[in-house]
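Engineer: Predicted model and sequence follow; I will ask about them next.
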Amino acid sequence: MALVALAATACADSPTAETPLDFARDVRPILSDNCFLCHGPDESSRSTDLRLDQRDSVLADLGGYAAVTPGDAEASELVRRIKSPDDYEQMPPPDSGKSLTPAEIATLRRWVDEGAKWSGHWAFTAPVR
């Protein structure tokens, strides 16, 4: 009986095609695990000006394109790079030791297509009943 309840809880927490993705639950962990080393808050390890931990940087005009174009995965550089077969352009880079699963790629693509809604870190968000 407890196993059934546990399975129901796990399914309730998983995004479905009917429920929108939640940035903090579904997207931030992927970016944190695979991208923040080079595109995150630590200035000493950041290898570029693009920060994927800050909304303004993710949406900024980078000279005619943006890392993320909300609502349009095909126009988003992030999606293009995570799907690229070219080792020079592929993100995360092959020599980083990081890689995205097909499910993680699908989640990031879906997040962009859903409008790339952003939310702050849970610790800085007031609880809502």
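Structural biologist: Alright, I've got the coordinates.
Engineer: Enumerate the positions of stretch 62-81 that are buried.
Structural biologist: Buried positions in stretch 62-81, judged by neighbour count with 16 or more other CB atoms under 10 Å: 66-70, 73, 76-79. Heads up, the C-betas are built off the backbone N, CA and C, glycines and all.
Engineer: Tell me the one of those nearest Asp95?
Structural biologist: Leu78 (19.3 Å; CB to CB).
Engineer: contacting residues around the nearest residue to the closest one once chain neighbours are set aside?
Structural biologist: Nearest residue to Leu78 in three dimensions, chain neighbours excluded: Ala67, at 4.8 Å (CB to CB, 6 or more residues apart in numbering). Counting by CB atoms under 8 Å, 6 or more residues apart in numbering, Ala67 makes contact with 50, 52, 57-60, 76-78.
Engineer: and those residues, which of them are in helices?
Structural biologist: Residues from the contacts of Ala67 lying in helices, with DSSP state H as the criterion: 57-59, 77-78.
Engineer: Export those residues to a markdown table and append columns for distance to Asn34.
Structural biologist: Shown next, in a markdown table, are those (distance: CB to CB, whole Å):
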| residue | distance to Asn34 |
| --- | --- |
| Ser57 | 17 |
| Val58 | 15 |
| Leu59 | 19 |
| Glu77 | 16 |
| Leu78 | 11 |
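Engineer: Need those residues in TSV (columns: distance to Arg110 and pLDDT).
Structural biologist: Listed next are the ones in helices among the contacts of Ala67 as TSV, based on distance: CB to CB, whole Å; pLDDT from 0 to 100:
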residue	distance to Arg110	pLDDT
Ser57	21	95
Val58	16	96
Leu59	17	96
Glu77	17	97
Leu78	13	97
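Engineer: OK, contacts around Asp72?
Structural biologist: Residues in contact with Asp72, defined by CB under 8 Å, 6+ apart, are 112-113.
Engineer: how far away is Ala126 from Asp56?
Structural biologist: Distance of Ala126 to Asp56, computed by CB to CB, to the nearest Å: 22 Å.
Engineer: Alright, I will stop here.
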